[in-house]
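>>> Provided below are the primary sequence and the corresponding predicted coordinates.
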Amino acid sequence: MSYIPSPGPDLNLRAQVVHSLLAVQQGQSLSLILNQQLNQVADRDRALFHELLLGTLRQWFALKSLALPLLTKPLNNPVVETCLYLGLYQVLCTRIAPHAAISETVTATKQLGFHPLSGVVNAILRRATRETEQFQHTLNQAHGLPSWLFKRLNKDWPEQIQSLSQNLKQSAPLTLRVNQRKISREAYLEQLHNIQIQAHACVVSDVGIVLDQSMPIRELPGYDEGWFSVQDEHAQLSTSLLPNLNTKTVIDACAAPGGKTAHLLEKYQPALLVALDQDPQRLKRITENLQRLDLEAGHVQIEAGDATRWQPEQPVDCIILDAPCSAIGVLRRHPDIRLLRQPSDIAQTVDLQKRILHHMWQQLNVGGTLLYITCSILKVENEQQMTQFFIEHKDAVEDKIQADWGIEQLYGRQLLPEPGHGDGFYYCRIKKVAI
């Protein structure tokens, strides 16, 4: 597929969404293109653009499995197929009036240069309005994952696969982490309720709040004053799993954009905290976050470096390794991963994790702690990675995480994505011992 139409001002909103969906199909990450694409959309339409784009991506493979049997012959046309999926998403998954969804999507098909095939799109979408209940049932029954990923997850989580695949099709809640150097969770909840913003406390994080309504983050009370950060509930658990880090030397490896760095400084006062990441551009986000949160950065070193080679001047007391991973656990927030991730990526990622683990382990003092974290739900990146690590490192012992959340594994604990709660995360805590 080589054709991507230019998203000019003459295109309607659906055609602009199709343009972004085609870009993802050609391998472009939403994190790289989304802001630019949103800037080309009228302010009043941005929320709808965002919802249609991310929603269609979340349901992409489910929509595909629904649509293909409806065609008398294959379209072999990525643009028209994308228009069809977008139209079905609107009719089956949103409150947009069916006549408006059909009209705008058919117009988009024509604007994108496929007037002769707009009749096919029109006919199928009209059929969907007549057989809505049956179509929705078919859509809901579909696992909605690329076949290679469904097979892997079914092998790893056979008992959970049905609920897991359905949960991954949903949107994730917007979760805040309260900066307790500024305000308590209870006091911030009261601030929100006083201005009629619906929110509630997280279950497994003692500093987390879930917003029950959508609104711009910068309009929340205390944003400029650094009262909170946006962070997934399950990602907030890392700091609760660490020893007391006051006066200690710490490396936050693969640190950008700095959520864990900031959380560490909200809770502890380490002698030195090195925030390490190989992307200098993303490291700027750490500085910006620490400034907004008004966190003492005098003992923080922000370092651009490769975690497979970078070395501190002296061995350190604690390493937080939020390792590069497939990110399958955060599909709800990053639905483009469904289309971007390929089976061959997994082996490469596992190898990179192994090399980072081995190198970082050498930088840890005897008696120190390494917390291994991924936002994956694939066992090869988590439990199996740890099993191999312990075989190869006789000076490593697991420091079992005693908790009432997640699923205990042979090593570590796995959290799966849950409706209204956090994403898929894995944690394993390791102590370095003398041998």
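Okay, I see it.
>>> For the rest of this, base every contact and every neighbour count on C-alpha atoms.
Fine.
>>> and the longest strand for the chain?
In the chain, taking DSSP state E as the definition, the longest strand is strand 364-374.
>>> Tell me which other helices or strands it touches.
Using 3 or more CA pairs under 8 Å, 6 or more residues apart in numbering; DSSP states H and E as the contact test, the elements touching strand 364-374 are strand 316-322, strand 425-432.
>>> Would you reformat those as CSV and include distance to Gly144, mean pLDDT and mean neighbour count?
Converted to CSV, the helices and strands packed on strand 364-374 look like this (distance: least, CA to CA, whole Å; pLDDT from 0 to 100; neighbours: other CA atoms under 10 Å):
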stretch, distance to Gly144, mean pLDDT, mean neighbour count
strand 316-322, 27, 98, 23
strand 425-432, 21, 98, 24
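>>> Nearest to the spatial middle of the protein, which residue is it?
The residue lying closest to the centre of the chain (CA atoms, centre = their mean) is Val330, at 3.3 Å.
>>> For that residue, report the pLDDT, please.
At Val330, the model reports a pLDDT of 98.
>>> Quick check: it touching Gly424?
Yes: assessed by CA atoms under 8 Å, Val330 is found in contact with Gly424 at 6.2 Å.
>>> Overlap of the contact sets of those two?
Shared contacts of Val330 and Gly424, defined by CA atoms under 8 Å, 6 or more residues apart in numbering, comprise 375-376, 417.
>>> and those, which are buried?
375-376, 417 (16 or more other CA atoms under 10 Å).
>>> Show me the domain layout of this protein.
Listed by automatic domain parsing, the domain ranges of the chain are 13-142, 174-230, 241-432.
>>> Relative to Glu233, tell me which of the helices and strands packed on strand 364-374 wins on proximity.
Proximity to Glu233 (CA to CA) singles out strand 425-432 among the helices and strands packed on strand 364-374, at 10.0 Å.
>>> where exactly do the strands run in the protein?
With strands called from DSSP E, the chain shows them at 174-178, 199-201, 208-211, 228-230, 249-253, 272-277, 300-304, 316-322, 364-374, 396-398, 407-408, 413-415, 425-432.
>>> residues in contact with the longest strand of the chain?
For strand 364-374, contacts defined as CA under 8 Å, 6+ apart pick out 238, 241-243, 315-325, 327, 361, 381-382, 425-434.
>>> residues of it that come out buried?
364-366, 368-374.
>>> sorry, back to before: out of the buried ones among the shared contacts of Val330 and Gly424, who's nearest Ile209?
Comparing these against Ile209 with CA to CA places Pro417 closest, at 16.8 Å.
>>> sorry, back to before: in TSV, list the domains of the chain along with distance to Asn154.
Formatted as TSV, those follow (distance: least, CA to CA, whole Å):
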stretch	distance to Asn154
domain 13-142	14
domain 174-230	26
domain 241-432	10
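>>> closest one to Leu164 among those domains?
Per CA to CA, nearest to Leu164 of the domains of the chain: domain 241-432, 7.2 Å.
>>> so how far is the closest one from its chain's centroid?
Domain 241-432 has its C-alpha centroid displaced from the chain centroid by 15 Å (CA atoms, centre = their mean, to the nearest Å).
>>> low-scoring pLDDT stretches of the stretch 1-150 of the chain, where are they?
1-9 (pLDDT under 70).
>>> all helices of the stretch 1-150 of the chain, in order?
For the stretch 1-150 of the chain, the helices defined by DSSP state H, counting those that start in this stretch occupy 13-25, 30-39, 46-58, 60-67, 78-93, 98-111, 118-130, 132-141, 147-156.
>>> thinking again about what came up before, okay, the buried ones among the shared contacts of Val330 and Gly424 in CSV with pLDDT next?
Formatted as CSV, these follow (pLDDT from 0 to 100):
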residue, pLDDT
Cys375, 98
Ser376, 98
Pro417, 98
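>>> which residue packs closest to Arg309, ignoring adjacent ones?
In space, and not counting its chain neighbours, Arg309 is closest to His359: 6.8 Å by CA to CA, 6 or more residues apart in numbering.
>>> State whether that neighbour and Pro315 are indeed in contact, as I suppose.
No: using CA under 8 Å as the test, His359 is too far from Pro315 to be in contact (11.9 Å).
>>> hang on, the earlier thing: may I see the shared contacts of Val330 and Gly424 arranged in JSON lines, with distance to Ser147 as well?
Converted to JSON lines, the shared contacts of Val330 and Gly424 look like this (distance: CA to CA, whole Å):
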{"residue": "Cys375", "distance to Ser147": "21"}
{"residue": "Ser376", "distance to Ser147": "17"}
{"residue": "Pro417", "distance to Ser147": "19"}
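>>> of those, closest to Gln160?
Looking across the shared contacts of Val330 and Gly424 and measuring by CA to CA, the closest to Gln160 is Pro417, at 10.9 Å.
>>> neighbours of the residue lying closest to that closest one once chain neighbours are set aside, just the number please.
Take Pro417 and drop its neighbours on the chain: the residue closest to it by CA to CA, 6+ apart is Asp423, 4.2 Å away. Around Asp423 there are 29 other residues, counting by other CA atoms under 10 Å.
>>> give the contact list for Asp423.
Applying CA under 8 Å, 6+ apart to Asp423 gives the contacts 172, 232-235, 329-330, 332, 375, 415-417.
>>> Same question for Gly55.
89, 171.
>>> sorry, back to before: so which of the contacts of Asp423 sit within helices?
Assigned to helices by DSSP state H, none of the contacts of Asp423 qualify.
>>> Quick check on these: which are buried?
For the contacts of Asp423, a neighbour count by 16+ other CA under 10 Å gives the buried set as 172, 232-235, 329-330, 332, 375, 415-417.
>>> Which stretch among the helices and strands packed on strand 364-374 approaches Thr56 most closely?
Judging the helices and strands packed on strand 364-374 by CA to CA, what sits closest to Thr56 is strand 425-432, at 24.2 Å.
>>> Of all the helix elements in this structure, which one is longest?
helix 343-362.
>>> can I assume Ile217 is in contact with Tyr223?
Yes: between Ile217 and Tyr223 there is a contact at 7.4 Å, judged by CA under 8 Å.
>>> before we move on, back to that, make CSV from the strands of the chain and add distance to Pro146 to it.
Compiled in CSV, the strands of the chain are given as follows (distance: least, CA to CA, whole Å):
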stretch, distance to Pro146
strand 174-178, 26
strand 199-201, 34
strand 208-211, 30
strand 228-230, 29
strand 249-253, 31
strand 272-277, 31
strand 300-304, 35
strand 316-322, 26
strand 364-374, 21
strand 396-398, 34
strand 407-408, 25
strand 413-415, 22
strand 425-432, 21
